[in-house]
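1. I'd like to go over a predicted model; first the sequence, then the structure.
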Amino acid sequence: MTNTKHKPWLEDALTKRRAFAADPHRPVCHLVPPAGWLNDPNGVIEWRGEYHLFYQHNPLEARWGPPHWGHVVSRDLVHWCDRPVALTPEMEPIDAGGCWSGCAVDDNGIPTLIYTGVEDDHLGEQTTCLAFGDDTLTHWRKFEGNPVLRTPDNLGITRKSYRDPYVWKENGVWYQVVGTSIGGRGQALLYRSRDLRRWDYLDVLIPQAVRDTFDDVCHTWECVNFFALGEQHVLIVSLAADEALSYPVAFVGAFREGQFYPETMQRVDWGYACFYAPLSFEDSRGRRLMWGWLQEQRPIDAQLEAGWSGAMSLPRVLSLENGHLIQQPVMELEQLRTSRTQVAAQQKVSMPHRACELKLSARTSGDLYIADGKGTPLAFLNFDAANNLLSLRPVVPPLERAYPWSCPLEASAETLELHLYLDGSTVELFANGQALSARLYPAATGFRLEWRGDLKALRSFEVWGLEGIY
Ligand code: FRU
């Protein structure tokens with residue numbers, strides 16, 4: 001039982017959370033806002049043995065509004081506790097239009113948020129701003145010298161795009177990348193600083209001639225992340241297409257003399273207009289962890305009626321294998337398992353839980369049929385072994401978006417190793433290191449699962465009920 005003594009904000013958040021207890025769409029082991037709206041993950045920081053995660057938040061309504069920074073804390077990356085809102089858009093005129101996305105760093109013992117200040121409304125100037133936390137990360141004070149960077153007017157930046165600072169320290173020097181659009185093409189700008197307050201512009205992150213060789217990666221890059229992984233460097237960017245915030249891609253390559261030379265580009269998640277704006281950081285165990293926003297795939301009216309919108313993905317661990325980005329859910333999530341069912345002969349399982357986890361290993365083609373607790377069909381997950389393709393086909397198509405969502409597996413993969421989480425309306429699947437996220441809206445709590453394929457080729461099929469994280 002969470003102790004709410006002397007923490008009115010926590011009591012308030014828990015009261016709001018309890019009000020959604022009967023909503024079958026609301027996940028119980030994914031992070032969601034107490035009420036209102038959630039979009040991007042913002043800073044992640046480890047502080048005194050706890051993980052703090054911030055997120056884009058509109059506490060007033062279940063629709064995007066002038067963004068605040070919501071804040072949650074966890075000891076184990078699995079169970080989370082609400083903290084008071086960290087940033088409110090009230091610094092006239094710098095961030096009166098919103099405290100948009102950014103990151104968090106430990107500046108020699110001073111917890112520091114580096115965020116995008118947006119003037120007026122979403123059409124105002126975008127700048128880089130700072131806020132400093134107290135020792136408990138409860139109260140945040142905005143830097144009176146904000147903004148520390150303004151949108152440059154000499155680089156050919158188009159489309160009001162200069163946002164989502166991502167900052168790291170290397171050999172005692174701070175570096176920052178910012179997502180933008182130059183000459184109508186997504187790019188990232190690289191800066192350097194000694195004190196987080198004065199920044200020197202270095203260059204575009206990817207030499208323009210190299211950038212021009214990738215012509216299908218959108219006019220605007222949001223939420224850029226740049227980091228070393230093993231021997232290589234990875235740049236993750238989210239592609240803001242005109243009709244939808246569609247999906248993030250990862251470039252893998254070499255960082256030489258202050259510029260990045262991508263060799264390959266790949267999808268980060270094979271869902272569409274769902275997993276978006278991911279943020280990664282390296283934890284004290286040396287793991288590169290990543291969260292992303294699972295966008296809703298239902299009309300805005302349904303979101304407003306529900307009273308909440310948006311979920312955070314489960315934390316994923318990143319690695320590279322032969323230049324491919326590999327993702328796995330963090331091991332810590334195993335703590336949530338309650339009941340375990342080894343599905344053998346009958347191939348069917350009925351789970352009363354709001355959330356469940358499934359592991360399945362299959363050698364030949366087949367379908368995993370997914371229905372809600374009352375048997376209303378939700379989706380078919382098809383494994384096409386001949387083409388090494390995994391496809392999720394919703395029974396009720398979401399909005400007007402392209403589907404099924406298909407995830408190509410490594411051509412050499414002889415076995416499908418599926419790891420699936422169904423939690424309220426969220427679907428996250430991991431298959432042979434690839435990830436695919438979606439939203440499906442069950443009419444009733446619980447799930448019924450059935451493998452429709454060659455039984456002999458099914459090597460294992462295990463399902464767990466999961467408990468909640470608050
Ligand atoms: C990505 C994004 C960011 C921006 C934020 C505003 O989803 O558009 O680029 O900072 O959302 O909420």
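-> Alright, I've got the coordinates.

2. tell me, how many residues neighbour N42?
-> If you count neighbours by other C-beta atoms under 10 Å, N42 ends up with 31. Using the backbone N, CA and C atoms, a C-beta is placed for each residue, glycine as well.

3. and it, that one's in a helix?
-> No. Counting by DSSP: H, G, I helix; E, B strand; the rest coil, N42 is located in no helix; its state is strand.

4. which pLDDT value belongs to it?
-> pLDDT, N42: 97.

5. what pairs with the lowest-mean-pLDDT helix or strand in the chain, and is each one parallel or antiparallel?
-> Every helix and strand of the chain was ranked by mean pLDDT, DSSP states H and E. The lowest is strand 337-342, at a mean of 88. Using DSSP bridges, the strands paired with strand 337-342 are strand 458-466 (antiparallel).

6. and the protein, which residues reach the ligand?
-> 39-40, 56, 67, 100-101, 116, 163-164, 222-223, 245, 276-277 (C-beta under 6 Å from any ligand atom).

7. ok, now with 8 Å
-> 39-40, 56, 64, 67, 98, 100-102, 116, 118, 122, 163-164, 179, 222-223, 238, 240, 245, 276-277, 293 (C-beta under 8 Å from any ligand atom).

8. of those residues, buried ones?
-> For the residues of the chain next to the ligand, a neighbour count by 16 or more other C-beta atoms under 10 Å gives the buried set as 39-40, 56, 64, 67, 98, 100-102, 116, 118, 163-164, 179, 222-223, 238, 240, 245, 276-277, 293.

9. mind listing the residues bridging to the residue of the stretch 351-470 of the chain found nearest the ligand?
-> Per C-beta to the nearest ligand atom, S437 is where the stretch 351-470 of the chain lies closest to the ligand, at 14.7 Å. S437 has the following beta-bridge partners by DSSP bridges: E428.

10. longest helix of this protein?
-> If you go by DSSP state H, the chain has its longest helix at helix 8-18.

11. report the spatially nearest residue to the residue most central in space within the chain, omitting neighbours in sequence.
-> The chain has G292 as the residue nearest its centroid, 0.2 Å off, counting by C-alpha atoms, centre = their mean. Of all residues not flanking G292 in the chain, P278 sits nearest, at 3.7 Å (C-beta to C-beta, 6 or more residues apart in numbering).

12. does the one you found sit in a helix, a strand or a coil?
-> Three-state assignment for P278 (three-state DSSP): strand.

13. neighbouring contacts of stretch 8-23?
-> 2, 4, 26, 34-35, 81-84, 306-308, 424, 470 (C-beta atoms under 8 Å, 6 or more residues apart in numbering).

14. which one is V395 nearest to, not counting chain neighbours?
-> P377 (4.5 Å).

15. how many neighbours does the one you found have?
-> By other C-beta under 10 Å, the residues close to P377 number 13.

16. list the buried residues in stretch 188-200.
-> Buried residues in stretch 188-200, counted by 16+ other C-beta under 10 Å: A188, L189, L190, Y191, S193, L196, W199.

17. of all those, which comes closest to S74?
-> S74 lies nearest to L196 out of these, by C-beta to C-beta, at 25.7 Å.

18. isn't the closest one right up against V148?
-> Yes. L196 is within contact range of V148, at 7.1 Å (criterion: C-beta atoms under 8 Å).

19. pull up the overlap in contacts between those two.
-> With C-beta under 8 Å, 6+ apart, L196 and V148 have common neighbours L130.

20. stretch 146-162: end-to-end distance?
-> Terminal residues of stretch 146-162 lie 15 Å apart, using C-alpha to C-alpha, to the nearest Å.

21. burial measure for whatever residue of the stretch 301-450 of the chain ends up closest to the ligand, as a count.
-> Proximity of the stretch 301-450 of the chain to the ligand (C-beta to the nearest ligand atom) peaks at G310, 10.1 Å away. Other residues near G310 come to 24 when the count uses other C-beta under 10 Å.

22. quick one, strands of the stretch 151-300 of the chain?
-> For the stretch 151-300 of the chain, the strands defined by DSSP state E, counting those that start in this stretch cover 157-170, 173-182, 185-193, 199-204, 221-229, 232-240, 245-256, 259-267, 275-282, 288-294.

23. what's the helix or strand just after the last one in contact with?
-> Following strand 288-294 in sequence order, the next helix or strand is helix 300-306 (DSSP states H and E). With C-beta under 8 Å, 6+ apart as the test, helix 300-306 has contacts from D23, H25, R26, E61, A62, R63, E296, S309.
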